[in-house]
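> Okay, here's the prediction I keep looking at, along with the sequence it came from:
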Amino acid sequence: MSAPSAPTTPASSAIAAADDTLTIYERSQPGRRAFVAPALDVPERPLEELLPPRLRRTRPARLPEVSEPELVRHYHRLSKRNFDLDTGFYPLGSCTMKHNPKLHERVAALPGNARLHPLQDERRAQGALELMWNLQEALGEIAGLPHVSLQPSAGSHGELAGVLLTRAYHEDRGEQRTKVLTPDTAHGTNPATVTMAGYEVVKVGTNADGGVDVDDLRSKADEQVACLMLTNPSTLGLFDPDIAEIAEIVHGVGATLYYDGANLNAIMGITRPGDMGFDIVHFNLHKSFTQPHGGGGPGAGPIAVSERIEPYLPRPQVIRREDDEGYAFHLDEDRPKSIGKLRGFQGNYGVFVRSYAYIRSLGAEGLREASEVAVLNANYLLALLKRAGVAEYLPVAYDRVCMHEFVLSGAPMKRELGIRTLDLAKRLRIFGVHPPTVYFPLLVDEALLIEPTETETKETLDRFAQVVAEILREAAQDPEIAKHAPYSTPVRRLDEARAAKQPVLRQPL
Amino acid sequence: MADYPQDLLYHPEHDWARIDPTHPEIATFGITWYAQDSLGEVVFFDPPEVGTQVRQGESYAEVESVKAVSDVIAPLSGEVVEVNGALGDASEKINEDPYGDGWMVKVRCSDPSERDALLDADAYAAQLD
Amino acid sequence: MSTYTSATDADRRAMLAEIGVGSVEELFADIPAALRLGRPLALPAGMAEQEVYEHLRELATRNVSCEDEVSFLGAGMYDHYVPSLVDTLLSRSEFLTPYTPYQPEISQGGLQVMFEYQTAISELTGLPVSNASVYEGPSAVGAAGYLAKLANGRPRVLASRGVHPHARETLATLARGYGQTVEEVPLREGATDLDALAAALSDDVSAVVLQQPNFLGAVEDVAALTEAAKQVGAVVICACDPIPLGILEPPGAQGVDICVGEGQTLGNRLDFGGPSFGFFAASQEHLRRMPGRIAGETVDVDGKRGFVLTLQTREQHIRREKATSNICTAQALNALAGVVYLGWLGRQGLVELGELLLQRTAYARETLCAIDGVEPLHEQVVVREFALRLPGVDVEAVVERLAAQGINAGYRLGRAYPEYADGLLVAVTERRTRAQIDRLAEALAQAVAAERGAAPAGVVA
């Protein structure tokens, strides 16, 4: 029967706690500063001449007034209220939380990369353009599709690109289609993207094995359908063996087949979406290609497309064409059928540098091995969790060989032990593990989506399985422990309803 | 405690209608105990405007908890004549008193025969899991 | 064993035994034989870390960055000074490596950073609500256009020609999807033509899009333009450069509904165009249509203050096809750099920086326009960037001459504005000293004279 860890005295812990949650604005004191402006070295003119008072800001923005030591200490301390991947196991399904190689920060920080202006003359950015070209070629080879655009800035941005490309493709052939199909297991970004691109979402059912219900697909695939958006393996972590038939049905009605690359980590070098029949693929460079997640970005969502989609790719495209002066790499803006732009400049180059370094480090064999070990680790962890003591409360939702991730259902646990998937997730904290993804996919009741990735050791997986078993044992004795977890964190069970009903979205000043 | 008052009519998608005894063309709508229990604490109710036409079986509003959005289904067709403005600041009434202070809209019904399609309290409770 | 994995032969044997299969190959049995790649990927073999480093370093040497030349190139991203503490804090693994804070109890650091960032953006823009970041500037304009469409459903959007060309094009690309048309409002003497705007306005206009300062560096009369747009009830969207907001009247005080912008200048590197972040702030009315993550303050079960992602029912993971946008991953780490930078500048520092930019920019403009053959393209008030004309001269050739001397003279306007084929956009950040400005002036004078000598008068590039 463990209680929250007791403070030394209530008063001292209250003082400590109050200081911990001060915002930078609350630490501000008039007159403090960090910045020292460079000296004015040009003849000084009256400010009113340079900026008429009617345009001038009357009241300064109430930014904090703090010194550098305070800034460093404040944000340093905040960082310690974050669980992170470098610190512990982070089996967040669908997110591919694999190790972020430390070399990547070094190469991204090279001044030739970090201080390069996006509008620099091409002749003086050949290194950057060659890097982008090489990355494009590599991603194209991994996807099995010939043409790549690095422009989209995140997976969902890539999805939007894909659906807009589909629209351009159909309109160019004189067709006005209205619907896009997505499976009911799809990640929320898929249907959200479809609406933004001006199409109607039609859901396709999932069969008992966790794959697309091919009969349902056949009944819904008609010439109003512009595209089917899929991922394979699916968000249930299962490879859909009917994919060839699915592609045939979709192409048979003239629609495009879109691949959400979030689950690419299971198949690199083993099979390729282009070979499965997909026309458009997006990659999440912050998943399989190790761009650090950054607490919510940045990422990148480049796309690879088939020949027939190529004309519509965004501008500019990085191309290779030796010119008269001997420069090989260029940004091609002359693309008359292009959908246009999805953002400024040419994309999140800093992310490309890191992903490119990863691909060059691993090479062909290394990438394949990464996927093999990702699948091996997931199946091993699943096997451990199928043992007695766990399996009866957290059964696997689909009893098949999984790929890089798998879904358990906490419904029996809820029934028999009185604790929910959410409680299990919160209880994991005391063991120094980040919870898996919870309540997604929606198809599975009390879902727990677990993706260990290939960069975890066998011992870490063994320990995780032990921890889960222990939490279940504990819950059988006293479910209240998990229901009031976590205990060792700075805050516990935050009132999210209050945050939604009475939104306080900034510091009042 | 699960509660389904006898004097109400129920739509299977967890909505109730109370026919005004003195003005039978006016009905009050809301969501059932089961609906508010599934949703969790309601944080926001997005009502239709007075004058909106609603149709039996179709969504006329949305209700939100922290982690979910739910369509609110009209048990009967008609025109919205009154909206419960108190829910703007006190959406929790939908949880605390779903059949009383948590009422959502009042509608002038266009087709009394539609009531035949609705369930009574026992039939509604029986078809719940 | 592959780089970064740890599965030894012994590990594999033990794992396969537990799973109950004989080989890893069996785990891929669901993949039909016909779909197997059946050969290695056609990629070079992997390399040791030091080899990868040498390769990347070599590529980087073939780029001329702001480390290698004195740069007056702006046009949307700027060579501002990034203080060292940003690098230090961003390299903390607790900020660098975690995922989006879905489990708030173990992500209070990231959530509080978002809250502090949202506060700073709200202060800068003068609007009450900010989200926790979007990808960057032009796509933020696109997202604002989508919000306007959700708000009023009208078919037309009017965008000033002074809005960054990439933002206008992104808006048009997205609008084609959700069914709006984007029309351009011309400039007059370097600023948005108010009469042309008024003439184009009617009650089928969903949104009016402005930029402050505009692409040519001119400070716009946002208040007057906004008032005109409000007459027809259009949503007013202003794309702002954040640093000048330290000294310019903020759009929120001028009736603007949505203020977005490119955040690169707030503590982020140039990085050949990204990653940076976009900011997105709005009036209270549009709160529930805002895209992206939003952090909110609340209390925990013990009454302690804490932060959570809130109003999640707007977002894709809950509302799916009815979401306000499809954003999942945004630019959290870059927004952290932004809020740290704004804290470093501080209340006074942001104003002082703005005043310094005013002085240096005025000096640069005056000095350059004194050159024979160089004139201002417009005479509007400017803060950090201004446009010149070099009549009768091949601007590209002039820029090349200066590049050979290690000076980036600026952005050749002909690249995006055919009507300013002889135009040059010059940006002056706080890193550009008087000595460097004088050197630019000297080199520019020589280059213009040389080019005028080289080609007959009246020949335009």
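Happy to help now that I have it.
> Please count neighbours and contacts with C-alpha atoms only from this point.
Will do.
> What confidence value was assigned to the closest residue to A:Leu509 other than its chain neighbours?
In this structure, A:Leu509 finds its nearest non-sequential neighbour in A:Arg62, 7.4 Å apart by Cα to Cα, 6 or more residues apart in numbering or on different chains. Per-residue confidence (pLDDT) for A:Arg62: 97.
> thought A:Arg62 was touching C:Gly349?
No - taking contacts as Cα atoms under 8 Å, A:Arg62 lies outside contact range of C:Gly349: 11.3 Å.
> so who does whatever residue of the stretch 401-509 of chain A ends up closest to chain B touch?
Nearest residue of the stretch 401-509 of chain A to chain B, counting by Cα to the nearest Cα: A:Lys501, 5.0 Å away. Neighbour list for A:Lys501: B:43-44 [criterion: Cα atoms under 8 Å, 6 or more residues apart in numbering or on different chains].
> again with A:Phe345
A:Phe345 makes contact with A:118-119, C:166, C:273, according to Cα under 8 Å, 6+ apart.
> so who does the residue nearest to A:Leu509 touch?
A:509, C:120, C:123, C:347.
> hang on, the third one in a strand?
To tie it back to what came earlier, the one meant is C:Glu123. No - judged by DSSP: H, G, I helix; E, B strand; the rest coil, C:Glu123 forms no part of a strand; its state is helix.
> so what's it closest to, chain neighbours aside?
Per Cα to Cα, 6+ apart, closest to C:Glu123 is A:Ala61, 5.2 Å.
> Double-check the one you found against C:Pro244; I have them as touching.
No - A:Ala61 sits out of contact with C:Pro244 when judged by Cα under 8 Å, with a separation of 11.4 Å.
> Neighbours of the closest residue to A:Pro118 other than its chain neighbours, how many?
With Cα to Cα, 6+ apart as the criterion, A:Pro118 has its nearest non-adjacent residue at 4.0 Å, and that residue is C:Phe272. By the criterion of other Cα atoms under 10 Å in any protein chain shown, C:Phe272 has 27 neighbours.
> so which helix or strand takes in the residue nearest to A:Leu509?
Assessed by DSSP states H and E, A:Arg62 sits outside every helix and strand.
> Quick one: classify C:Ala120 as helix, strand or coil.
helix.
> give me the number of residues near it?
So C:Ala120, with other Cα under 10 Å, has 24 neighbours.
> now it, nearest residue through space, not along the chain?
A:Leu63 (6.4 Å).
> which stretches of the stretch 251-400 of chain A form strands?
With strands called from DSSP state E, counting those that start in this stretch, the stretch 251-400 of chain A shows them at A:256-260, A:280-282, A:303-305, A:317-320, A:329-332.
> residues making contact with the longest one?
Going back to what we said before, that points to strand A:256-260. Counting by Cα under 8 Å, 6+ apart, A:155, A:159, A:162, A:166, A:226-232, A:247, A:250-251, A:273, A:277-283 sit against strand A:256-260.
> quick one on the thing from earlier: surely the residue nearest to A:Pro118 touches A:Asn113?
Yes - contact status for C:Phe272 versus A:Asn113: in contact at 6.8 Å, counting by Cα under 8 Å.
> And B:Pro24, its phi and psi?
phi -70, psi -10 (degrees, to the nearest 10).
> burial count for it?
Neighbours of B:Pro24 using other Cα under 10 Å come to 12.
> sec struct for A:Asp445, please.
A:Asp445 - assigned by three-state DSSP - is coil.
> Can you tell me the SS state at the residue of chain B most remote from its centre?
Distance from the centre of chain B peaks at B:Lys67, with 20.6 Å (Cα atoms, centre = their mean). Using three-state DSSP, the structure places B:Lys67 in coil.
> Make sure it is actually in contact with C:Gln312.
Yes - at 6.9 Å, B:Lys67 counts as touching C:Gln312 under the criterion of Cα under 8 Å.
> if I look at these two, which residues touch both of them?
Common neighbours of B:Lys67 and C:Gln312, counting by Cα under 8 Å, 6+ apart, are C:Ile318.
> if we can go back for a sec, buried among the contacts of A:Arg62? Need that as a selection in PyMOL.
Burial among the contacts of A:Arg62 is assessed by 16 or more other Cα atoms under 10 Å in any protein chain shown; the matching PyMOL selection reads:
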select buried, chain C and resi 120+123+347
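> Regarding the most centrally placed residue in chain B, which helix or strand does it belong to?
In chain B, the centroid-proximal residue (Cα atoms, centre = their mean) is B:Gly30; its distance is 2.0 Å. Using DSSP H and E, B:Gly30 falls within strand B:26-31.
> Dump that strand to PDB, restricted to CA.
Written as PDB, here are the backbone C-alpha positions of strand B:26-31 (Å, rounded to 0.1, in the frame of the first residue of the first chain):
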ATOM      1  CA  ILE B  26     -43.400  21.500 -28.200                       C
ATOM      2  CA  ALA B  27     -40.800  18.900 -27.200                       C
ATOM      3  CA  THR B  28     -37.600  19.200 -25.100                       C
ATOM      4  CA  PHE B  29     -34.600  17.300 -26.100                       C
ATOM      5  CA  GLY B  30     -31.400  16.100 -24.300                       C
ATOM      6  CA  ILE B  31     -29.000  13.200 -24.000                       C
END
